[in-house]
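Peer 1: next input, structure requested:
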Amino acid sequence: MRSVSLWTSAAIAEACQGTAHGDFMADGVTFDSREVVAGDLFIALKGEATDGHRFVGTALQRGAAGLLVSEALDAPHVRVADTMAALNALGAAARDRSSATRIGVTGSVGKTGVKEALKAALSRFAPDAVHASVKSYNNHTGVPLSLSRMPAASRFGVFEMGMNHSGELAELTQLVRPHIAIVTWVASAHREFFATETDIAMAKAEIFAGLPAGGTAIIPHDSSHADQLARAAADAGAKVVRFGMSDGADVRAEKVALHPDCSCVTARIGSDTLTFKIGMAGQHWVNNALAVLAGVQAAGGDLALAGLALAELNDLPGRGRRLRVAAGAGQAIVIDEAYNANPASMAASLAVLKAVAPARHGRRLALLGSMKELGTLSDEFHAGLAPHIRDAGVAAAVLVGAEMQPLAATLGRSIDVRHVADADAARTEISRLIAADDVLLVKGSNSIGLARVIEALASGDMMP
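Peer 2: Below is the predicted model:
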């Protein structure tokens with residue numbers, strides 16, 4: 001998409017009210033020295049744990065074109081008083097110099113999947129002109145970084161925006177200033193910091209405050225918090241578009257056929273009707289797809305091309321991709337949901353596992369890690385997974401982390417339950433357990449580290 005550099009030292013200095021020392025041009029931006037590639041701008045952030053200035057040498061060795069720092073250095077750099085403030089200023093400058101239609105995506109579940117699907121759908125319509133957040137860069141550092149990476153010529157920008165405290169989205173949305181704001185769903189994530197789910201909905205609704213007059217708010221019609229979200233959006237002067245399965249939704253699934261590996265949907269989008277396939281399995285992905293179609297329509301994209309993109313969406317690491325891995329004398333299927341977990345997403349993933357019939361004498365297995373930030377309701381939410389596990393027909397479950405003790409106790413001897421302390425112990429148990437034709441679901445909060453087990457399974461390196 002770029003025929004010119006992303007940033008010049010002069011433009012960085014102007015955006016950040018800094019002083020340029022040496023001329024340079026940067027093709028990328030990062031604050032992680034391990035991610036620096038040749039031609040990047042490296043921003044030395046000062047945090048509670050470390051100071052990015054310690055890694056300036058590493059960044060230069062890896063080919064950084066220039067630095068954004070608050071200390072004097074003998075290398076091409078822009079010096080500012082505060083590098084975190086400068087990162088925000090750089091993101092705002094990238095926003096203001098581009099005419100891109102910006103879409104903000106938040107929600108208790110489905111944020112990254114919807115962001116990735118929107119990127120794919122809009123890229124079909126505007127090849128090489130869609131910018132999107134990478135990974136799950138959705139917090140107070142990730143969002144301005146994602147903005148700062150947006151080329152001026154972008155036609156669309158898709159930004160994932162997360163929160164675990166009230167007020168966080170209010171700040172992020174004022175930085176992104178999205179033209180379209182999507183709330184994928186409201187569920188009991190981060191309950192450690194919220195008294196009720198209604199409070200979570202209020203915090204999600206903060207995203208609408210960044211919309212311009214006449215902007216579009218896209219909300220889940222089937223949520224019990226839909227009216228609350230709609231009122232907040234209307235108060236912000238936004239046009240409200242509802243997506244869902246039930247009557248009254250502006251973007252509505254009229255027919256749905258769920259299959260073990262995909263889903264087929266006929267949806268009405270305003271006055272248009274579209275029949276399409278979703279390359280990801282599960283009812284939750286039907287919900288995600290409807291949000292994507294609402295976003296594409298609001299952004300002026302092509303719905304038919306969006307349908308094609310959804311059909312090809314089947315390889316999102318940590319969010320539902322399928323892997324075939326060596327197991328025993330054959331292969332097993334792994335459903336990779338290792339990125340994150342809360343009660344709603346756990347239930348959805350277990351429903352997907354239920355739909356997959358193991359071959360021959362295979363079994364359904366579950367490797368489940370603790371769900372974090374649930375506060376005083378943690379025991380209740382973890383124990384509450386038991387009916388979903390039984391309903392999915394799970395033959396054996398490896399439960400990881402102290403928070404999983406109530407679930408282990410609730411399951412008792414109804415299935416083979418192995419409760420372990422950490423991901424390394426889980427890897428050992430799975431290596432002993434998994435066999436040919438099994439179907440294994442792997443899901444847990446990111447901090448548990450189950451992605452390491454996925455890597456070991458994919459590489460065939462399952463020895464403890």
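
Peer 1: does the spatially most central residue of the chain sit in a helix or strand, and which one?
Peer 2: Centre of the chain computed as the mean C-alpha position; nearest residue by C-alpha atoms, centre = their mean is T112, 2.3 Å away. Secondary structure from DSSP states H and E places T112 in helix 111-125.

Peer 1: and that helix, what does it pack onto?
Peer 2: If you count contacts as 3 or more C-beta pairs under 8 Å, 6 or more residues apart in numbering; DSSP states H and E, helix 111-125 packs onto strand 101-106, strand 130-132, strand 156-160, helix 283-299, helix 303-311. For every residue, glycine as well, the C-beta is placed using N, CA and C.

Peer 1: among the ones you listed, which comes closest to V398?
Peer 2: helix 283-299 (23.1 Å; C-beta to C-beta).

Peer 1: quick one: contacts for L60?
Peer 2: Contact analysis of L60 by C-beta atoms under 8 Å, 6 or more residues apart in numbering lists F42, L67, A75.

Peer 1: which ones are touching the closest residue in space to the first one that isn't next to it in sequence?
Peer 2: Taking C-beta to C-beta, 6 or more residues apart in numbering, and ignoring the residues beside it in sequence, F42 has A59 as its nearest neighbour in space, at 3.8 Å. Counting by C-beta under 8 Å, 6+ apart, A59 makes contact with S33, V36, D40, F42, L67.

Peer 1: so which of these sit within helices?
Peer 2: If you go by DSSP state H, the contacts of A59 have nothing in helices.

Peer 1: between these, which is nearest T50?
Peer 2: The closest of the contacts of A59, once distances to T50 are taken by C-beta to C-beta, is S33, at 10.5 Å.

Peer 1: break down the stretch 51-200 of the chain into its strands, ranges please.
Peer 2: 66-69, 77-79, 101-106, 130-132, 156-160, 180-183 (DSSP state E, counting those that start in this stretch).

Peer 1: again, but for the stretch 251-400 of the chain
Peer 2: 251-258, 263-269, 272-278, 321-327, 330-337, 364-369, 394-400.

Peer 1: adding mean neighbour count and mean pLDDT, write those strands out as TSV.
Peer 2: As requested, the strands of the stretch 251-400 of the chain are exported to TSV (neighbours: other C-beta atoms under 10 Å; pLDDT from 0 to 100):
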stretch	mean neighbour count	mean pLDDT
strand 251-258	16	97
strand 263-269	19	97
strand 272-278	16	97
strand 321-327	17	94
strand 330-337	22	95
strand 364-369	27	98
strand 394-400	24	98
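
Peer 1: redo those strands as CSV? Include distance to E197.
Peer 2: Output for these, formatted as CSV (distance: least, C-beta to C-beta, whole Å):
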stretch, distance to E197
strand 251-258, 24
strand 263-269, 27
strand 272-278, 27
strand 321-327, 29
strand 330-337, 22
strand 364-369, 22
strand 394-400, 25
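
Peer 1: and of those strands, who's closest to K443?
Peer 2: Of all the strands of the stretch 251-400 of the chain, strand 330-337 sits nearest to K443, with 3.8 Å by C-beta to C-beta.

Peer 1: and stretch 9-23, how far from the chain's centre?
Peer 2: Put simply, stretch 9-23 sits 32 Å off its chain's centre (C-alpha atoms, centre = their mean, to the nearest Å).

Peer 1: give me the residues contacting that stretch.
Peer 2: Contacts of stretch 9-23 (C-beta under 8 Å, 6+ apart): 8, 24-26, 41, 66, 68, 73, 75-80, 85-86, 89-90, 92-93.

Peer 1: list the contacts of C262.
Peer 2: K277, I278, G279, M280, A281, A311, N314.

Peer 1: for A386, same thing?
Peer 2: The contact partners of A386, by C-beta under 8 Å, 6+ apart, come to L407, T410, L411.

Peer 1: now do it, the pLDDT please.
Peer 2: On pLDDT, A386 comes in at 98.

Peer 1: ok, M1 next?
Peer 2: Listed pLDDT for M1 reads 45.

Peer 1: for E254, state which of the contacts of A59 is nearest.
Peer 2: D40 (47.3 Å).

Peer 1: relative to G28, how far out is the closest one?
Peer 2: According to C-beta to C-beta, to the nearest Å, D40 stands 4 Å off from G28.

Peer 1: between those two, which is the more surrounded one?
Peer 2: With neighbours defined as other C-beta atoms under 10 Å, D40 and G28 compare such that D40 has more, 23 against 20.

Peer 1: list the contacts of the more buried one.
Peer 2: Counting by C-beta under 8 Å, 6+ apart, D40 makes contact with A26, D27, G28, V29, T30, A59, G63, A64, A65.

Peer 1: related to what we said a few turns ago, so which of the strands of the stretch 251-400 of the chain gets nearest S148?
Peer 2: strand 321-327 (28.9 Å).

Peer 1: how close does S9 sit to R149?
Peer 2: 17 Å.

Peer 1: again but with D23, I slipped
Peer 2: 21 Å.

Peer 1: now the contacts of D40: which count as buried?
Peer 2: In those, burial by neighbour count holds for A26, D27, G28, V29, T30, A59, A64, A65, counting by 16 or more other C-beta atoms under 10 Å.

Peer 1: now, among those, which is nearest to K354?
Peer 2: Closest to K354, out of all of the buried ones among the contacts of D40 and judged by C-beta to C-beta, is T30, at 40.9 Å.

Peer 1: and the closest residue to G369 other than its chain neighbours, what pLDDT?
Peer 2: Beyond its immediate neighbours in the sequence, the residue positioned closest to G369 (C-beta to C-beta, 6+ apart) is G444, lying 1.9 Å away. What the model reports as pLDDT for G444 is 96.

Peer 1: same question, T184
Peer 2: 98.

Peer 1: you'd agree it is up against G110?
Peer 2: Yes. Contact criterion C-beta atoms under 8 Å: T184 and G110 qualify, at 3.8 Å.

Peer 1: before we move on, the earlier item: mind picking the two most distant members of the contacts of C262?
Peer 2: Farthest apart among the contacts of C262 by C-beta to C-beta are A281 and A311. That separation is 12.9 Å.

Peer 1: neighbour count: these two, which is higher?
Peer 2: In terms of neighbours (other C-beta under 10 Å), A281 is the more surrounded of A281 and A311; the figures are 24 against 14.

Peer 1: what sits against the more buried one?
Peer 2: Neighbour list for A281: L258, H259, P260, D261, C262, S263, G320, V352, A355, V356 [criterion: C-beta under 8 Å, 6+ apart].

Peer 1: what about the third one, how many neighbours?
Peer 2: In this case it means P260. P260 is flanked by 15 other residues according to other C-beta under 10 Å.

Peer 1: kindly report the same for the one 10 residues further on.
Peer 2: Around G270 sit 13 other residues, with neighbours defined as other C-beta under 10 Å.

Peer 1: nearest residue to N88 other than its sequence neighbours?
Peer 2: Using C-beta to C-beta, 6+ apart, the closest residue to N88 is P144 (4.8 Å).
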